[in-house]
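K.L.:
model this:
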Amino acid sequence: MAALFLAPVHALPDPSCNTLIVSGNPEYPPLLWRDQERPGYLIGAVPALLKEITEPLGVNVEVKDTGSWARVQRMARQGDIDMVAGAFITSERIGYMDYLLPPITHLPTAVWVPKGREFVYRHWPDLVGKRGSTLINNSFGQNFDRYAEQNLLIEGVRSIEQSFQMALVDRVDYVLYEVLQGEVKLEYLGIADQFVPLPTPVSREGLFFTFSKAAPCNSFELRERLAERLYELVNSGRVEELIRRYKAMYSASS
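P.N.:
This is a model prediction of the structure:
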């Protein structure tokens, strides 16, 4: 592993691979969101972490806003982007993406409900018969996704703001969204006092950097070099530092 980490940049499969085109979920603050100062790009804790991984290796990254999370996944499948900056593991995604270890972080997902409309939630069957909403093509872990597909009514929408607004006007009973992202998004929207996460999470999943299997810049050597640096930063507590910094930055922008 050390030898791979020290390999020269010219070991990359192609000179054009000195710059990797990356995208991710633009609805994911403080980990990723649209950069108002640089339209067409994403900022957040995850892009910042990726740059700290790649810059010492002489590899540049451009973390672009390519549209909705569903479109980002289509582009990864087709090889139109090199990497995805943050994805949970599903069997479908494993078919077209290579995952870097270790995970960036682990994220619990909550059932968010308007205050005053709380219900008892202890496990997944408690959602049967209720109406939910979340982002199109969002995953909350392989097991929950399978259960939801077979048993639950969850409407996919293009923006999480739409999901929360639907809940406020009683079009849905709950919103599925990660705890961290839900907190900052609701604060940003000015409606944090109108929602609560139910105490029991529906899942707690690892979030990963991935390479498109169809991307020409995807090589075992490059993945190993990035994974080595990722391991160092995760173990040093750097991810938590970046999340705190960008959470404050996103809140200040509201």
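K.L.:
where's R204 relative to P108, distance?
P.N.:
4 Å (C-beta to C-beta, to the nearest Å). C-beta: built from backbone N, CA, C; applies to glycine.
K.L.:
which residues of the protein fall in helices?
P.N.:
2-5, 45-54, 69-78, 91-94, 142-151, 160-168, 179-189, 220-235, 238-252 (DSSP state H).
K.L.:
Comparing these, which stretch has the densest surroundings?
P.N.:
helix 45-54 (a mean of 22; mean count of other C-beta atoms under 10 Å).
K.L.:
if we can go back for a sec, which stretch among the helices of the chain approaches W33 most closely?
P.N.:
helix 238-252 (6.5 Å; C-beta to C-beta).
K.L.:
pull the CA atoms of the closest one into CSV?
P.N.:
In CSV, the C-alpha atoms belonging to helix 238-252 read as follows (Å, rounded to 0.1, in the frame of the first residue of the first chain):
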residue,chain,number,x,y,z
ARG,A,238,-10.5,15.7,10.0
VAL,A,239,-13.9,14.8,8.7
GLU,A,240,-15.6,15.9,11.9
GLU,A,241,-13.7,19.2,11.8
LEU,A,242,-14.8,19.8,8.2
ILE,A,243,-18.4,19.0,9.0
ARG,A,244,-18.4,21.5,11.9
ARG,A,245,-16.8,24.2,9.7
TYR,A,246,-19.2,23.8,6.8
LYS,A,247,-22.3,23.4,9.0
ALA,A,248,-21.5,26.8,10.4
MET,A,249,-20.8,28.2,6.9
TYR,A,250,-24.1,26.9,5.5
SER,A,251,-26.1,28.3,8.5
ALA,A,252,-24.4,31.7,8.1
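K.L.:
And T66, how far from L207?
P.N.:
Distance from T66 to L207, counting by C-beta to C-beta: 19 Å.
K.L.:
how about the residue lying closest to V63 once chain neighbours are set aside, what does it touch?
P.N.:
Distance criterion C-beta to C-beta, 6 or more residues apart in numbering; nearest residue to V63, sequence neighbours excluded, is P47 at 4.1 Å. Neighbour list for P47: V22, G24, L32, V61, V63, A85 [criterion: C-beta atoms under 8 Å, 6 or more residues apart in numbering].
K.L.:
Kindly provide the distance from the fourth one to P216.
P.N.:
V61 sits 16 Å away from P216 when distances are taken as C-beta to C-beta.
K.L.:
Neighbour count: those two, which is higher?
P.N.:
Applying other C-beta atoms under 10 Å to V61 and P216 shows that V61 carries more neighbours, namely 18 against 12.
K.L.:
returning to that earlier point: are any of the contacts of P47 buried, and which?
P.N.:
Buried members of the contacts of P47, counted by 16 or more other C-beta atoms under 10 Å: V22, G24, L32, V61, V63, A85.
K.L.:
Would you mind confirming that the fourth one makes contact with L20?
P.N.:
Yes. V61 lies in contact with L20 (C-beta atoms under 8 Å); the separation is 4.9 Å.
K.L.:
could you redo the helices of the chain as JSON lines and give each row distance to P125 and mean pLDDT?
P.N.:
Output for the helices of the chain, formatted as JSON lines (distance: least, C-beta to C-beta, whole Å; pLDDT from 0 to 100):
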{"stretch": "helix 2-5", "distance to P125": "46", "mean pLDDT": "37"}
{"stretch": "helix 45-54", "distance to P125": "33", "mean pLDDT": "98"}
{"stretch": "helix 69-78", "distance to P125": "27", "mean pLDDT": "96"}
{"stretch": "helix 91-94", "distance to P125": "23", "mean pLDDT": "94"}
{"stretch": "helix 142-151", "distance to P125": "8", "mean pLDDT": "94"}
{"stretch": "helix 160-168", "distance to P125": "21", "mean pLDDT": "97"}
{"stretch": "helix 179-189", "distance to P125": "21", "mean pLDDT": "93"}
{"stretch": "helix 220-235", "distance to P125": "35", "mean pLDDT": "97"}
{"stretch": "helix 238-252", "distance to P125": "32", "mean pLDDT": "95"}
